[in-house]
Structure formats: structure tokens, C-alpha cells
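S.K.: Dropping the sequence and predicted coords here.
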Amino acid sequence: METVCLNKSDDAFVKAVETESGQRVSRCYQCGNCTAGCPMFFTFDYSVSRIMRLIQAGQKERVLSSSAVWLCAGCETCTQRCPNEINVAGVMDACRHIAHREKKFGARPVSAFFKAFMDSVRFNGRSHEVGTMILYMLYTGRIWTDVELAPKILPKGKMPLLPHRIAGRKEVAEIINRFNQGLSDPDLVRAGLETQGASAKEAVS
Amino acid sequence: MSVLEGKELRVVGFLCNWCSYGGADTAGVGRFTQPTDLRIIRVPCSGRINPLFVMKALVGGADGVLVSGCHPRDCHYAEGNYYARRRLEVLKGLLPVLGIDPRRFEYTWVSASEGQRWQHVVETFTAQIHALGPAQPFAGASRPADRHRPDAAAV
Amino acid sequence: MKIGVFICHCGSNIAGTVDCAGVARRAAAYPDVVYSTDIMYACAEPGQDAVIAAVKEHGLTGVVVASCTPRMHEPTFRKAVERAGLNRYMFEMANIREHVSWIGKDMEANTNKAAELVRMAAAKLRLNRELKPKSFPVTKRLLVIGGGVAGIQAALDAAEAGLEVIMVEKQPTIGGKMAKLDKTFPTVDCSSCILGPRMVDVAQHPNITLYAYSELEEVSGYVGNFDVKIRKKATCVDWDKCTGCGLCTEKCPSKKSYDRFNEGVGPTTAIIIPFPQAIPKKASIERDYCRMFNQGKCGVCAKVCPTGAVDYAMQDEFVDVKVGGIVAATGYDLVDWTVYGEYGAGRYPDVVTSLQYERMLSASGPTGGHIKRPSDGKEPKNVVFVQCVASRDPSVGRPYCSGFCCMYTAKQAILTKDHIPDSQSYVFYMDIRSPGKGYDEFTRRVQEEYGAKYIRGRVSMIYPKGGKLLVRGADTLMGGQVEVEADLVVLAVGGEAAAGSPALAEKLRISYDGYGFFMEGHPKLKPVETNTAGVFLAGACQGLKDIPSSVAQGSAAAAKAIGLLSRNMLDSDPQIASVSVNRCVGCRKCIEVCPFKAIQEIDMRGLPKAEVIETVCQGCGLCNATCPQGAIQLSHFTDNQILAEVEALCRF
Amino acid sequence: MSIQDELKSAIKAALPDLSCVIGWGAGPEPLRAAPLFIRGEADLQNFSAGFLSVNNPALYLPALKGSKVGVVAKGCDARSVGQLATETLIIREEVHVIGYPCEGVIDVDKVAAALAGVCEPGEVGALREDGDNVALDTPKGEVRLAKKDIAADKCGRCIFPNAENADVFVGIRRAPTVVEDAYADIAAFEARGTEELKAFWEKEMSRCIRCYACRNACPLCVCRDHCIAASREPHWIGQTDDVPDKLFFQVIHAVHLSGRCTGCGECERACPLGIPVLKLKRALSRRVENLFGYKAGIATGTPPLLTFNIEESTIKERDW
Amino acid sequence: MSRIDVGYFPGCSGLGTSMEYERSTRAVCRELGIGLREIPDWNCCGSTPAHSTDAALSAALASRVFAQGEKAGIGDMITPCPSCLKNLRAALEHLEDPLFSARVEALTERPLQMRHRIRSVLQVIIEDVGPAKIKARVRRSLKGLKVVPYYGCLMTRPEKLMRFDDPENPVALDRLLEALGAEVLAFPLKTDCCGGSFAIPARAVTPRLAGRILDMAGEAGADAVVVACPLCQMNLDLRQGQIRAGGVDRALPVPYFTQLMAYAFGLPEQEAAFRKLVQDIQPAFACMSRRAADIEAEEGKVAAAEAEKARKAAERAAKAAEKAAEKTGTKDAAADGAGKKSAAAKKPKGKADVDGGEA
């Protein structure tokens, strides 16, 4: 382990997490209740309460490159039981969103699965389970994933091989494309709103 | 001069002794910086505040009037603030009809421990009055409502 | 009128951002001001002497001091002007420290504002009138509300000092929470052995009258002369006849009543004597469980009672007493922990509260001092203690630390080992708070000598699995999730203000905080006084505290009450309302609104008029603001005085 | 039997138990009736009630507290009686209220406007009621006017034309002019904006002659001879002719009546200069009605400003 | 029964792995008078993967769903899937924030106009229909079936967003299953996470988390684990083999609550769609039938004993009344007393008649 230099706290990162999640991380008093109830704890590199602590200390790099932020299942147990009413799952979400924007993927298979799913949605407008699986195997090279389940489920007729494509799939694809182009970046949008406000004021005067 | 020209407006506060005056003290002890416009009149209880005092100040040339008492249930005299709440809330209905901007008058509750809240109230209310600008006095007074009459002239 | 103005520098506190000499110069020009100066420390002895000297030298008839808040030094300066030979009310203060120098850095604005505040004070002072207090006799009797350890201490101390004491206790016995405890920390001495004799003292003291199973119905009056109405709730047993033999409790067929004293650990009967050492040791009927009341027939207790004390038709009775002072010592309750769904919300019998556990540990408790699991009566081996349940938890509205749980949990872990030598205790804690004498050593002993395992983290969930309870928690020091298989889980549930505290506070006209705890007069300097003269606080009703602190506060409250009631006469505050009979039209509006019933209607030559009962009036001025013709005026805060202040601010 | 006759017989029946009955009789000029104190049957011949019964007889009741009196009441008069009783300024049992359905009362200023170019109202020789109209004898011949065109403003928004809670009610209850007083006049007035209204009051109050007719006509004024407008202890207003002092008196009167004013409009009617002082009171009445659902003189129980609720569901306090 | 008309968002899995949920939901809603208007050309709601990537992206997808609803004049909608529900609700909440809504509009270029409300199918059934009406519709009681209700982590959480039932110990499903006649066993892991969303990318998760839930259900003696979430169902049902490798030794069927409702309402297999489940439910039904027979026999005995008791009591009362009458000599009183008693004794029988008439 490295010595953490507490003077080098990335306060901008703390602020970014707080803004994105709408939570005040300073409210956390490290009781560990989130960690205690976390079902995914055993898959994490840092426990939830430790992630909260790292955020408090402004340890941006360690937080964003952790696998924990990607492996959070969003089950909301931590949020539900936090004595300080912090939306802990929301803080994890915010960290993951920032990580995504900064292209940091602390748990490859997870981000690959998300990508596979989103690609399926981009093609069809809806998610298509078989398609998602194929893309996932393609992205990760894990071609034997769940192969033993195929004989169980295929005869049930629950896994249509062809996707349901919706009429408005282009619309959906555009949403995702615009996102990938960074059009919804908070800083960009905020700047846009401000110039808009300014020009509106000018128009009045 | 009484208020600093161009800097301050005339803001009168009526505060109950037990909660809000104490809250303003707490804000002072905590060095919570506030605008200097407000002048505070101390009364025992918000229930002591006859709505006519508020009107007297507004008709007499105040640019804003702020009343603050104990939070409901916390009145030192048990019930005074409940009466104040009704009377002041009703009073708000009179101002616009008289030609006085109702935003020039507000009432609120601040406890003796809420120094920070008091700072926030003073900042917010003072900013609100500054946004409205100086109130024009009712014309037709024999004593000119000279806003910057030097003290020497008072004697 | 000849007014003198003194502008205090308060060292640099005021002078740092206010031109005090400049303010004094401006004040010299105000109407009626004949003398004006600035002064380094007005409140210090030389400062006060300077004021007195100026009064004498310049023949001043009124004094304005501009310094700190009147809430701090008004009494100081009033005494000073009194020493100078003036009436103490011929004095006004301008608050130029808390309201000026401390909240702004702009010297010009501050100086100007300070001068304005002085103008306002001087304008009001011109209309001040000499006020003289009236004195009235004191009733030398003390009411103590609550018979827990704090109330007992206060009552005994006051009774020893020769005061007559009335004690009112809600439950059928005194003793409070302490009577339920098995042992006390950090000495692990027997709770009932130390409390029991004091309870007996209360019963036997010639100066103490005990009303058990009674509540305060009404309070009126004022310091020195409160009129108190006590409701004696119907016990359905004539306590004059009852000998406390207990035959009725043996024969009562309704054996499934909730046992309040034992916190529901095991059932009891409908007619009860709460515990063997109860004071008074008298039986009472819990109507909710009694067959006579529920089914209309039974009557077993009446049949077996050797003295014929049972009286099903008994009604509540009222007792009126006059007292000079009141001590509130109503204690606390445990928070209803069933809000914690993740701990089973009360569905799992083997999850108990610390107080229930205390009854299980007690030799006089329902299990005879044997620790048994409520579900199957088996002896537990692994006992998990969870601290900070409903303490330091904003999500359930209890963000405060209850203060005593760390210590009693350590004690219970020790007792667990004493009772079951092969047991293992686990304690989940957030921080160990043990600042008392010998306390921290105690929490070390439980770990080092008794082998209790302390785990730093909260518990997320408790659920039954295979006859045991699975406790899912965190060990934040180890950095991860932990699980314990427990036979019994004890929740160290935090405390809250006793049920009904706000209602009692309203009866006593004292303030209470957002949680229902009574507010002391000053957090440091008036820890047992309240804002209502003559009402004092003792014990956990003011804020959660352990036994030593409660006892200390009980004695402190008694000392304050003894001091008050040692006087034969008291002075009334003359800042009260008075009626100008010429102006009063008898419309009764002031009578309608007065919160203290301090105004009465009188007949004056056939005309109705209002009259203020001087000793009852508290000086709030609500009547003054209500009277349309201004016939009733609050002395020292008259319409004219406030109008003068408004004018001083608005006219210039 | 006409309402007039019915009222007379009701008065006659009640008189033996009462020291007097207050009603209306002929006034100084044909368009103005005057209050009539009926002490015996002989006085009855002067009695009349109808379109000219403008004055509010409740005005006299507080001074008569202690003796049994009767009062003939329009809807608005009965509200005043009700409010006085609620505040125990009179003892309700002492007052015998003889109510009738009011069809509205005259506003002489409106007649003057209608007769502009014809004659002054004082020159009108006689007034005859004829259903929904009146016929006026003027120097230039008969002029017929519709009652609704010359009725007081308050009649146009009247929700209680029938004397409520009367001890005796004569005639057939009529439907109210409107179901609910929406205070549309106040809303429209307020909409003119603070600047314009400030100028409005400066102009109006500059005409005030401090005669206090408004106060003296108000049945709910409790202070009477002890009005703070004429007092130095306390000294609320100066005795100058300045607008602020004169305006402040109107503020005092309005604030003193908040939660109590029944809207009888006598203050405004009595004003010799026609200053619309009722507006201030109605602004407060609207507020009180909206906040506490209290209609003075109709609602029973403590007036809203002399009581409170710990939780005020209708008061939305500012969130700082 | 009064009709309820509401928009319907089936969710992507309804077309695939949770088609039994979809089918049975439609059938049950039809029976209960809940008219479903499917959102035309709906798209993925933006749940887990989108939400995990970015809140604005997820809300943009949700926003298109709402916009599609708007086009058809639908503001009020329901969905069977708790994950879709949470996501759609979260989107609505976040859209209140101006910056966030600007970010979303940057993606959709299509601002929303209507006020939307979205609830779960379970919520609508329990709140708008209620257990009493459901009970009245039961044709084939589930008497004898021991079940544990498994709500999953999202049905009630986050509490402030979902605003449904108790977040730690929900009972809506319990009440519903009881109304169908089933015996609902205490189940402390009702809202524990099963790890379903990570079944594919993190394989260690399912055996551990879902295993814990199936273990506990098995220990409790359940015949079936009843669920309301497609992700949970697939995880617990399809992956039971993977889990069993981790220690569970008993096959447990994992039906949706709507399937059991369809069964209880007497709807055909086509609509209950039990055959779509990987773990066969038939053994559980067999168990149920056996137990139901036992229960009925037992109940019969108890009823007979009680009737006997009542008859004896009536006899005794009549005798006592007679004696009393003899003593006082007022026969009327005796007749009166006896009459009262016998009337009381008759009362339950009268009620049974009414019930019979209704049936």
C-alpha cells in the first residue's frame, strides 16, 4: 500500500461526485452499515464504506479505477439502511458515470456486458437477449458463457433468435449516438444553458 | 445621516427577546457576517407586535420590515407567536391594496440557537429589499421624510 | 430628562470595527442627552464606577450603555444605575457588539448603525418610567414530578432541608428506570441494593407526601405560588386498606397481562404489585387486562382480599395543592426500535432490548436471573450486542448520542460472562464513549478480562436461520463484511424524551427541544433552571444521562429550589401589563387572548373593566397588541416606547 | 299583507317586552330615511322599511347593552348583530331581531349621477317604489330609474339578503344576488399595481377632513370615545392634516376590523367626501375568509384573530 | 367490477425470457378488469446497463417511452418489471432538475409535455383491486401450497422513489397469495438481492446470492418461490443448476405471482404458462393437493366437534332456563331465554346458507 498524502485531496472530484449524485459525502460517519449489507461485497476491491471514505479524502484515481463502482448491483440496500440518509447507491452510480466519461473501466466484463446490451438496444430499439449474449461473447472472448443453459431454455421457446425491431429504432439509435458524441456532457450542457440565458438577457436589453 | 446613502436601505426588525433576538446574538457570537441595513427593535414576544407597528414603520418610511419570533410550539409565553402568525399573515393582505409592495414585509421564526439561519434570513431579506429599491414615502407630509437628514437638524 | 450615553469599546471587540468616540460625539446631539462618552470596558468595575460617577456629577436621570447584548449584561448595568441612585428601569442598552461590530467589517456602516441604535435606545429611554417590584409571600412546599432516581434525590435533599415535598409518580411504584436495572456500571454493584433504601426513605420521610399512579393535571400560578392539580388515577384498590400481601396477584386468573415493569419479559396478572421492593407496596388493577372490566365478571381479587380493599367502581380523584417550586424529573423512554425492519421489527423473539435483557439478568426478574432465550428457554452461548440502535441515527430522527449505551452494554457483556461462563459476547459499536470516572477502564476490562469481542461497525440485518439468528454486520477496522451466528441479540436501544414530555412542558410553560427534552435556562450557567421561574429540571428529562449525573442534577435542582423557598418573600417583575381604567371599554379581548389567565373582568361603578393580576402576568404583551384602544399597556414596552423606537429609525 | 304591514305587526307584538325597537322613518329629505326609535305604537306610523333603509341600526346596540331592545334588520344589519354578539359586545338574548328580505338599498351618489343635468338629489320631491324601479318627482317631471342601477355597490355582491338568525322573520326569503362574494372588486383594485394605488390613496386621503364619520358609522367600532386617533397615551398618530397621519387612521380602523368587519359599508357611505375606505377593510376580510374560512357575523365561535391553531393548514409560511 | 384503464409498458424481457410473466399478466389483468393499452412502439426503458453508464442516457431512453405514451394520450402507465419501474420513476424524478432535463433533451431533442405516473402491476393489483376482490375471483384455491414470496431488491427500494409497502418487510405479495389460498411462510430474505443483474458478467455472484435465497426457502419448507421480477426469476429458475452446484439439493419452482393468479382464477395453461418455467411446478401442485385433502379432513373434524359443543351448550341452557322458569314461575321468561340461546346457536348455520347461495 502507498502512503496517502492527505494534502493532495482532489476537491474538484469530491464536488463533482456530490453534484452528480446530489449527496453530501461529508455526512458519512463510516459506520459501515453499507458494507455490512452489501450483497456484492465479496466481489469488490474496496468495500462501499471504503469507497465513501476515499471520496471524502478526494482520492479520485483510486475510486474511479476501482472494480467496486462497476460491480455495484444497484440493489439500494445501502441507501435504504444508511443512518445518515445518504443515497449511497446514487454515489456509486455517480462515480461509475464519471468513470465512464473518463474512460476508466475497473471491471472489464461488466463494462463489456453493458456495451453489448446497449449495442443491442441501439440496433433494435429494445434489448434482444440472444443478440446481447453474442455481442458479449464477441467483446470478451468468453464464448462458453452460460452455454450449459442453452439446452434448458431453448426448448421453452423463450429465447427468440430474431430480435423484435421497433419502428422507431433509428430514434433510439440517435439518442445513443448523441450520447456517445458527448452531447449530454454536464459541463457542455451547463455552458449551453448559460450562453442561452445570457443571450436571452441581451435580447431583453 | 441615518442610513448610508446608496449603500443601505432602511430595514426595521421586530424581534422577540427569547428566541430571535437570541438567534441574532448567536449569529453575532459566531461572527456570521450580515448586511448592515437592519436595525432591531427588541420586544418581549412576537405576540407583543401589533401589526400597526409594522404599518407605522412602512408608512413612516421604512423600506422593509422583518418580524421574527420563536418557532411555533417554542414560544416563551406559550402562545404569543401563534397569534402573531395569524395577525401578520392577515396583514399581508392589506399592503398591496394600500400601494405598498407586500415583499417589503416578511415574518419568520428563528430560535436562539439558529445563528446561521438568522444570517441567512437577514441576507435574504436585505437582498430582497435592495432588489425592490427604496420605498417612496407617502407624499403630503408636513415633516418632509428627508431620508438623510443630518443629526444636527434633529436637535 | 438628563440622559448619559456610554459607548463601550469592549476592548477591540467593538472598537475594532466601530468608531466608538465618533458614536459618542453623535449621541451628544440626541434629544435629552447631556453627557456622552466612550469607555473601554463598561461592564468591568472601573466602567461601572465611571457610569455611577457620571450620574452623580451630571445629575443624570437616565443611562444608555451601548455595548453587548442586553441578554448578557442588562442585569449588571441595572444594578449599577441602582447603585447610582436611579431606578433600575431608567436604563437602556444598545447592542452594538453582537448586532454590529461582530457581524460586519465596514467601519463607516458599523459606526453609523451603532449611532442609530443608540438614538433608538435614547428615544425609548425618554419614555421609561420608574418601576418598582412588589413583594409577595412564598409557599414553602416543593413539587417533584417523577419518582426515578433523579426525582428521589431531589425530594430527599429538599425534605432534609426542611421543605415539604409532594412527589407525583405516573407508575404505581417509584424507582423509575433504575429500579429495573440488575447492576450498575462501572462498579457492577446491585442496583436495587443502592436504590431500594432511598425509595424506602421517600416512603418514610415525614416531609414527603407521595402520590403514586398519579399525574399532573393542571398548573397555574407563578413562582412561589403555583396551584397544582394532581390526578390520582383509579387503582381499583383502596390503598388505605391494602396491606400489600399479594394474595390477589396470586389468585388473579388473567395471567397473560403485559408486564410493564418487566418490559414484557414473561406475562403477569391483571392485578399487580410491580415488584417485591415496590414503593408503595400496594396492588393496582390494569383495567385493559382485567376480566371484570373486559368480560364483566370475575371478582376473584375482591373475594380473596383479606381487607376488602378492591373497589372496581373506583374513579380518578383530584388533589389540589399549592407549591412554591417545581422540579421536573420525568426521565426518558426507550425509542420504539421496531422501526428497524432490518432487525425484524419485533418479529423475532430472540432479539431483545437492553432493558429486557436487564430484567432477564435480574434475580428478581421473571426468569429468576437466568438468561434464557425467549423463543425456547434455552441458555444462549453466543450473544450479540448491537449498539447505537436509534442513537446517532438521523434516518429515524434520533441523531443524538444517548450517552449511556456504551457503558451499560459493556456491563451487560460482563454480566453475560458471569452468568454463563462458556458464553461469548460480540459487541457491534461505532465509537466507544466512556468519558466518566473509571468508565474507559471498564470498557477495556470487558474486552481484556471478559473476552468480549468488540467489532467496529453497524449491523445491517438480523434474520433467523436454523434456530439461530444471523447477524450481518461490518468490521470497518478489518475493512469488510462480517457475520455472527447468535443465539440471542441484545439491541442497545437509545433513549428519547418520556412520552408526554411536550404536553407536560406546555403545562409547566417551559420550553422543550425538537426531541421533547426540556430546555435548561442556559446550557452552561443555568443547567437546572428553566425559563419559567420556579421550575427546575433533574435527570434525563433535560437530556439523556446516566445515574451519577442524574443524581447530581437531582441534588442541584434541590439546591436551587431550597435557595428559592428559603426566602419568605419574593419580588415580582414589574415589567407587566397595566390597565388604564379610563380608556378600557371592557370589550374582553385581552381576557380572551391572555395565555396566563392573568386578566380578569371587574365591575367599576357598573362598568366592566379589565384588571391585571400582577403576580400572574408574565409580561408577554399580547394583551397590549390586542387592545384596540391601547388601554392596556405593557410597562417598559409600551406602545409609545416602541413607537418612539420606530420613529427614531424611520423619521430621520 | 305587505312586508311593511307585517313588520309593523311584528314590532307591535314585540314592543311590550322591549324598551324600544330601532327601525327607519322619514329622513331630512325624500331620498334619505333616518333611524327611528319606536317606543310606542304611536311611533309606528312613521315607520317604513325598504329601498331607503340605508342606515345600519346595529350601530346603536352596544350603547344599549343591559336593556332589551328590538331591531329591524336587513341582511347586513343582522350580520353586524351577529358579530357584536359573538364578541359579547352585546348580549344576543337582549336583542330582538326582526328580519326581512332586503331587496337592496339606495346609493344617493348614484342617483345624483343618474340625475346629472336634471337636478340635484336634494331637489327631488318624492320617491315611490314600484317593483324593480323607483319613480322620482323632479322639478323637470317624473324620472324612473331601475333600482339595480342606483343600489349600493354592496347590494350587487350580497350573499345574505335575508337577516340570518333573526328572532322573527317577516316575508319570504329571497335568493342572494350572488352565491359567493369573490371579492372581484378588490382583485381588480389590487391589479392596478402598487404605484398607482399609492398615488390613489395620496390623492384620496388628501381630501380627508378627519371628521371621523367613517368611524362613527361603524357598528363594530368598540373604542368609541377612546379612539387611539385622539390619544397621546398611546400616541399613534399626530393631529396634522398630512396624508400619512390621515391614511394611518384608515389603516388603524381597517386593522382593528380585520376578522370582524361584516362589510356593511356604512363607513364608506358616511364619508362626506366619498373616499372608498371600505376597500381596505374588504381586502382584509378577503384574507381572513381565505385563511380561516371566517365570515364575520355569520360564523360563530371566537373571531379568528383572537384564537389560533397550533398547526395552521392554510398558512403557507415563507420557506427561508 | 369497475374497469381500470391504464397504459402498459411490457419491458424487453417480456418478449423473451419472461414471456410467461407477460402472458399471465395480460390474462390476469383482463380478468380483473384492468384494461391495458400498450405503449405504441415502445423501446428499452434504459434500465440497468444504460443507467449504469449514464443517468442522462437512461433517462433519455425512458423519455422516449413517455413521449410514445404521450402520442397515444397515455400519462398513467404500469409495468410488470420492477427494474423498468425504478428506472422510469427515477427518470421522472431527475427530469425535475433543469440541468438534467436539458442534458436529456440534448439526447432526445423532444421535450415532454404531460405529467406521467408509473406503477408496478403488483401495486395496481394490490392497491386498486385488493385482496378481497381477488379472493372473490378464486376458482381453484391454492390451499395446501406452501410458498415464500420473494420481492427482490427493487420492488420497494429505494423507499422514497418506489413509495410502495414496507421497504424491509413488504407484505403486498403475502396478502395476495393468501387471498389465493396459499400458505405464505415467513421469509426473512424477501428483499435480499439475488445478483441477477450480474449473472452474466460476474458468474460467482449468482451461486452465492441466489443460493442463499433458495437455501432459505428450502429450509422454510416452501414448495415454490413466488417472484415479481423477470431478472430474479431467470436468475433463480434458469440458473438453479449453476446454483445447485453450490450446494442446494432440491429443485424449487419459481413461478411469477401472476401465473399463480391465472391458475387460481381457473384460466387455461396457455395463459398461466407454467410450461415456460425451467423448474417444473407440477410436483408442487401435487404436494398441494395432498395437503389440501388432509387440511379439509382436519377442518371437517374440528367443525363437527364445534357443532357438537354448540348443541350441548344449547341443551344445557334450555334446561337451565326451564329450571329458572320453574323457580320463578314465569314460563315466558324461560321461553324467552331458550329462544335467545337457540337463535344464537342457529346463527352460524344461517350464514353458511347464505354462503352456499352465493356459491
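M.R.: On my side now, so go ahead. Residues are numbered from 1 along each chain as shown, chains lettered A, B, ... in the order given.
S.K.: Every contact and neighbour count from this point should use C-alpha atoms.
M.R.: Noted.
S.K.: residues contacting the residue lying closest to B:Lys92 once chain neighbours are set aside?
M.R.: Leaving out its chain neighbours, the residue that sits closest to B:Lys92 by CA to CA, 6 or more residues apart in numbering or on different chains is B:Pro102, at 6.3 Å. Shown in contact with B:Pro102 (CA atoms under 8 Å, 6 or more residues apart in numbering or on different chains): B:Lys92, B:Leu95, B:Pro96.
S.K.: Okay, and which of these map to strands?
M.R.: In this view, these have no member that belongs to strands under DSSP state E.
S.K.: measure stretch D:167-185 end to end?
M.R.: 33 Å (CA to CA, to the nearest Å).
S.K.: Which residues does it contact?
M.R.: Counting by CA under 8 Å, 6+ apart, D:3, D:6-7, D:10, D:96-101, D:155-163, D:282, D:286 sit against stretch D:167-185.
S.K.: These: which ones sit near chain B?
M.R.: Counting by CA under 8 Å from any CA of the partner chain, D:Arg286 from those sit close to chain B.
S.K.: What about the contacts of stretch D:167-185, which are in helices?
M.R.: Counting by DSSP state H, the contacts of stretch D:167-185 place D:Ile3, D:Glu6, D:Leu7, D:Ala10, D:Cys155, D:Gly156, D:Arg282, D:Arg286 in helices.
S.K.: Please name the nearest non-neighbouring residue to D:Cys214.
M.R.: In space, D:Cys214 comes closest to D:Cys267 once its chain neighbours are excluded; the distance is 3.9 Å by CA to CA, 6+ apart.
S.K.: For A:Tyr139, report the pLDDT, please.
M.R.: Model confidence at A:Tyr139, given as pLDDT, is 91.
S.K.: Could you pull out the helices in the chain for me?
M.R.: Using chain A here. A:11-21, A:33-37, A:48-56, A:60-64, A:68-71, A:77-81, A:88-101, A:108-124, A:129-140, A:150-153, A:169-180, A:186-204.
S.K.: Switch to chain D, please.
M.R.: D:3-14, D:75-86, D:108-114, D:147-150, D:153-156, D:184-190, D:194-207, D:213-217, D:243-256, D:266-270, D:278-292.
S.K.: Tell me the residue of chain A that sits nearest chain C?
M.R.: As assessed by CA to the nearest CA, chain C sits closest to A:Ala36 within chain A, at 4.3 Å.
S.K.: and the contacts of stretch D:167-185, which are buried?
M.R.: Buried subset of the contacts of stretch D:167-185 (neighbour count, 16 or more other CA atoms under 10 Å in any protein chain shown): D:3, D:7, D:10, D:96-101, D:155, D:157-163, D:282, D:286.
S.K.: Per the annotation, how does chain D divide into domains?
M.R.: D:1-105+D:160-179, D:108-150, D:181-320 (automatic domain parsing).
S.K.: same deal with chain E?
M.R.: E:1-129, E:132-295.
S.K.: Between the two ends of the last one, how far is it?
M.R.: This points to domain E:132-295. Domain E:132-295 end-to-end distance (CA to CA) = 22 Å.
S.K.: Mind checking the pLDDT average for that domain?
M.R.: 92.
S.K.: Let's have the helices of chain D in TSV, adding mean pLDDT.
M.R.: Formatted as TSV, those follow (pLDDT from 0 to 100):
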stretch	mean pLDDT
helix D:3-14	94
helix D:75-86	96
helix D:108-114	93
helix D:147-150	94
helix D:153-156	94
helix D:184-190	95
helix D:194-207	96
helix D:213-217	96
helix D:243-256	96
helix D:266-270	96
helix D:278-292	96
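S.K.: Go through these and pick out the most buried.
M.R.: Using mean count of other CA atoms under 10 Å in any protein chain shown, the stretch among the helices of chain D with the largest mean neighbour count is helix D:75-86, at a mean of 26.
S.K.: so where is chain A shaky, pLDDT-wise?
M.R.: For chain A, the stretches with pLDDT under 70 are A:200-205.
S.K.: center of the chain - which residue?
M.R.: Reading this off chain A. A:Arg96 (3.9 Å; CA atoms, centre = their mean).
S.K.: Please refer instead to chain D.
M.R.: Geometric middle of chain D (CA atoms, centre = their mean) lands on D:Cys264, at 2.4 Å.
S.K.: Check whether C:Asp603 sits in a helix, strand or coil.
M.R.: strand (DSSP: H, G, I helix; E, B strand; the rest coil).
S.K.: count of neighbours near it?
M.R.: C:Asp603 has 11 neighbouring residues, counting by other CA atoms under 10 Å in any protein chain shown.
S.K.: Correct me if wrong: it contacts C:Val585.
M.R.: No - applying CA atoms under 8 Å as the test, C:Asp603 and C:Val585 come out as separate, 11.4 Å apart.
S.K.: Distance check, E:Arg250 against E:Pro283.
M.R.: From E:Arg250 to E:Pro283 the distance is 12 Å (CA to CA).
S.K.: For those two, indicate the residue with more neighbours.
M.R.: Just comparing E:Arg250 and E:Pro283: by other CA under 10 Å the higher neighbour count belongs to E:Pro283, 14 against 11.
S.K.: Now do the more buried one against chain B, distance only.
M.R.: Distance, E:Pro283 to chain B, using CA to the nearest CA, to the nearest Å: 64 Å.
S.K.: same question, C:Lys183
M.R.: Taking CA to the nearest CA, one finds C:Lys183 at 38 Å from chain B.
S.K.: which ones are touching that residue?
M.R.: C:Asp189, C:Cys190, C:Ser191, C:Ser192, C:Lys411.
S.K.: Helix, strand, or coil at the closest residue to A:Cys75 other than its chain neighbours?
M.R.: Counting by CA to CA, 6+ apart, A:Cys75 lies nearest to E:Cys153, which is 5.3 Å off, once chain neighbours are set aside. Assigned by three-state DSSP, the conformation of E:Cys153 is coil.
S.K.: Could you do the one 4 residues further on as well?
M.R.: Secondary structure for E:Arg157, judged by three-state DSSP, is coil.
S.K.: Can you tell me how far the residue nearest to D:Thr88 when sequence neighbours are not counted is from C:Ile602?
M.R.: Distance criterion CA to CA, 6+ apart; nearest residue to D:Thr88, sequence neighbours excluded, is C:Cys587 at 7.5 Å. As judged by CA to CA, C:Cys587 and C:Ile602 stand 12 Å apart.
S.K.: For these two, indicate the residue with more neighbours.
M.R.: C:Cys587 (20 against 14).
S.K.: count of neighbours near E:Ile125?
M.R.: For E:Ile125, the count of nearby residues is 20 (other CA under 10 Å).
S.K.: Ignore what I typed, I meant C:Ser254.
M.R.: The number of residues packed near C:Ser254 is 17, by other CA under 10 Å.
S.K.: Check D:Lys316 too.
M.R.: Other residues close to D:Lys316 by other CA under 10 Å number 9.
S.K.: What separation do you get for it and A:Glu76?
M.R.: 35 Å.
S.K.: In chain B, where is pLDDT below threshold?
M.R.: Low-confidence segments of chain B (pLDDT under 70): B:1-2, B:141-155.
S.K.: pretty sure B:Val43 contacts B:Cys19?
M.R.: No - contact criterion CA under 8 Å: B:Val43 and B:Cys19 do not qualify, at 10.9 Å.
S.K.: Show me which of these two is the more surrounded one.
M.R.: Taking other CA under 10 Å, B:Val43 and B:Cys19 do not tie; B:Cys19 has more neighbours (26 against 22).
S.K.: Quick one: the strands in the stretch 201-350 of chain E, in order.
M.R.: Here the stretch 201-350 of chain E has its strands, by DSSP state E, counting those that start in this stretch, at E:224-227.
S.K.: what's the helix or strand for the nearest residue to C:Val459 once chain neighbours are set aside?
M.R.: Among residues not flanking C:Val459 along the chain, C:Gly473 sits closest, at 4.0 Å (CA to CA, 6+ apart). Following DSSP states H and E, the helix or strand that holds C:Gly473 is strand C:468-475.
S.K.: partners of that strand in the sheet?
M.R.: If you go by DSSP bridges, strand C:468-475 pairs up with strand C:459-465 (antiparallel), strand C:480-486 (antiparallel).
S.K.: ok, residues contacting it?
M.R.: Here strand C:468-475 makes contact (CA under 8 Å, 6+ apart) with A:32-33, A:35-37, C:350, C:428, C:455-464, C:480-489.
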